[in-house]
Structure formats: C-alpha cells, structure tokens
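Asks: Got a predicted structure here, sequence first:
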Amino acid sequence: MKKILVIHGPNLNLLGKREIDIYGKTGLDEINSSLEKEAGALGVEVDLFQSNHEGEIVQKLQDAKQSGFSAVLINPAAYTHTSVAIRDAISAIEIPAVEVHLSNIYAREEFRHTSLIAPVASGQISGFGPRSYILGLQAAAGLI
Ligand code: DQA
C-alpha cells in the first residue's frame, strides 16, 4: 500500500487550545484520526508527524523517499512564511508535496500572504479548517 507522510509544523500540537477563533476547537489528535479514516477510504497509509523544530522537519523530508513514502502532505505552519530550508528540502525530494492550511492565509495579515513553500508544492489548500487536511490527502492520493 502506498504511504503518505503527513507533517504538522510548529504550534499545531496546540490546536484546539490555541487561537480558537482562527483555528477552531478541533485538536490535532482528532485531525489525525480523521486523516487515518480517510486514508483507509482512499486505500493509502498515513504516517503522522508533528514537530516544532525546522531541522527535524527538513530531516523527515530528506528521508521521506528512502523511507518508502510516495507523497507528503504538509502544514508548515509559521515556517510557510520563513523557511527556505523546508522549501529547498521539498524541492529536493522528488516526491510530490501538498501544502495545507487551516486558515485562509491570504485573508490574514500581510506577512502570511507569502508562502515560500507554494512554488515547490504540487498545490495548496488553504482556508477550510480541518477539512483542508482531508482535501489535501485526497489531492496527494490522486498524485501517486
Ligand atoms: C497555518 C497558517 C500559518 O500562517 C500559521 O503560522 C500557522 C497555521 C494554518 O494552518 O492556517 O501556524 O499554517
């Protein structure tokens, strides 16, 4: 069965407790359970990873193909707007990456309007809350 690596970036471990007006009440565990359920329906496997550390995310991306993953689903969170390192890793890995965001980053502060990741991702889904992840997983599964 094809495997998709799901990466949640910094502060997403706080979902459900953090800025509920923007990110909602759904916690990361609930999002992960819904991803596992959807993966079952799509006939793929997901591996779920969250990190607050840029280097750990870079390493995970570098190892993805070797570890048998066919695609990556990533919410780079704040690193979306700052990380050349994560962008370069996605550029390097030779498997497709789908970028997702809970909030609509283009409807928020100006500094969130630029994604360094978008130009190297296969596509981006932004603004549908936890559903962004489900839509992103469907998109990633469709690419492999
Ligand atoms: C986010 C949007 C980012 O701008 C922010 O830094 C996050 C979450 C989202 O899912 O809406 O941490 O990636």
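Replies: Yes, it's here.
Asks: Go ahead and confirm residue 120 touches residue 91.
Replies: Yes. Under the criterion of C-beta atoms under 8 Å, residue 120 makes contact with residue 91 at 4.6 Å. C-beta here means a position set from N, CA and C on the backbone, and glycine is covered the same way.
Asks: Which of these two has more residues huddled nearby?
Replies: Using other C-beta atoms under 10 Å, the more surrounded residue of residue 120 and residue 91 is residue 120, with 17 against 14.
Asks: dump the residue contacts of the more buried one.
Replies: 87, 90-91, 97 (C-beta atoms under 8 Å, 6 or more residues apart in numbering).
Asks: If any of those residues are buried, give me the PyMOL selection for them.
Replies: Buried members of those, defined by 16 or more other C-beta atoms under 10 Å, are picked up in PyMOL with:
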select buried, resi 87+90+97
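Asks: Adding secondary structure, pLDDT and distance to the ligand, write the contacts of residue 120 out as JSON lines.
Replies: JSON lines is the format used below for these (DSSP: H, G, I helix; E, B strand; the rest coil; pLDDT from 0 to 100; distance: C-beta to the nearest ligand atom, whole Å):
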{"residue": "87", "secondary structure": "helix", "pLDDT": "98", "distance to the ligand": "14"}
{"residue": "90", "secondary structure": "helix", "pLDDT": "98", "distance to the ligand": "15"}
{"residue": "91", "secondary structure": "helix", "pLDDT": "98", "distance to the ligand": "19"}
{"residue": "97", "secondary structure": "strand", "pLDDT": "98", "distance to the ligand": "14"}
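Asks: Now do the same contact list for the residue nearest the centre of the chain.
Replies: In the chain, the residue lying closest to the centroid (C-alpha atoms, centre = their mean) is residue 74, at 1.8 Å. Going by C-beta under 8 Å, 6+ apart, residue 74 touches 6-7, 9, 90, 97-100, 117, 121.
Asks: For residue 49, pull up the helix or strand it's in.
Replies: Element membership of residue 49, judged by DSSP states H and E, is strand 45-50.
Asks: Would you mark the buried spots in that strand?
Replies: Per 16+ other C-beta under 10 Å, strand 45-50 contains these buried residues: 45-46, 48, 50.
Asks: Perfect, I'm done here.
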